[in-house]
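In: Structure, please.
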Amino acid sequence: MTSRLHYPPAVALVCLLVLPLAGADPSGPCGEAWARLAQAYAHMAPMRAHFRHILIAKTLNQTEVEEGTVTIAPGGRMRWEYAQPAGKLAVADGKTSTLYLPEGREVFIQKLVDGPGETLLFRLLSGRVNLEQEMACDGVAIRGGEAVLSLRLLGFGADVREVEVTTAVSTGLVLQVKYHDALGNEVSLSLEGAKPLSEVPDTLFTFKPPEGARVFRGD
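Out: Numbering: from 1, shown residues only. Next comes the predicted model:
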């Protein structure tokens, strides 16, 4: 997330769902790895995985680690259940995002922006990005069974830079996303044990603030 109103990589690129990569050039600098990434996310499917989000603020000499379970479904629906910090919860129903911080009993609700106004990472997760227009792949390094793609943003005023996406060579599925934000912080989001889901109830992506919680609403 770029703020507490967004998602870990706070969010994140994680699962690059439904990215419009069909026109990726297999003869380009990223070759087959780029094409496999395109094929892996050609169709949206609900999934659940363990996530680990690390923020390294070098100027402050601080490292923040958060982890838990994420469920992602078509239509920009997500549910981030945190084990660390315990009780933290972030959900999105495709139109609105809600973040609950149990320590202060605070609830942040914000309307999701459709288009470049939303953070790139959230749009990648929900499939709301035209990758060929917004990003270019400059190269790939194969390390054992993993492919590390170096991506470059094509637009101006981008809030992320030096993006690296690690995928499984055999399947094209995303294993990790790493980047630097506008403040120079290093952010990474890893997914492990991803499993497809046959059915996901809509109620999973809603949240009712507990009685007595302070609710803050953004634009």
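In: By residue count, which helix of this protein is the longest?
Out: Using DSSP state H, we find that the single longest helix of the chain is helix 31-40.
In: which helices and strands sit right next to that helix?
Out: strand 135-143, strand 146-153, strand 160-168 (3 or more C-beta pairs under 8 Å, 6 or more residues apart in numbering; DSSP states H and E). Placement of C-beta: from N, CA and C, glycine included.
In: will you turn those strands into TSV that also has mean neighbour count and mean pLDDT?
Out: Formatted as TSV, the entries for the helices and strands packed on helix 31-40 read as follows, by neighbours: other C-beta atoms under 10 Å; pLDDT from 0 to 100:
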stretch	mean neighbour count	mean pLDDT
strand 135-143	15	86
strand 146-153	18	87
strand 160-168	18	84
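In: Please name whichever of these is nearest to residue 104.
Out: Among the helices and strands packed on helix 31-40, the nearest to residue 104 by C-beta to C-beta is strand 160-168 (27.9 Å).
In: Give me the angle between the helix or strand following that closest one and strand 160-168.
Out: Downstream of strand 160-168, the first helix or strand assigned by DSSP states H and E is strand 174-181. If you take axes from the mean of the first three to the mean of the last three C-alpha atoms, to 10 degrees, strand 174-181 sits at 170 degrees to strand 160-168.
In: closest to residue 45 out of the helices and strands packed on helix 31-40?
Out: strand 160-168 (16.2 Å).
In: contact partners of that closest one?
Out: Contacts to strand 160-168, defined as C-beta atoms under 8 Å, 6 or more residues apart in numbering, come from residues 13, 16, 33, 36-37, 40, 120-121, 135, 145-153, 173-182, 187.
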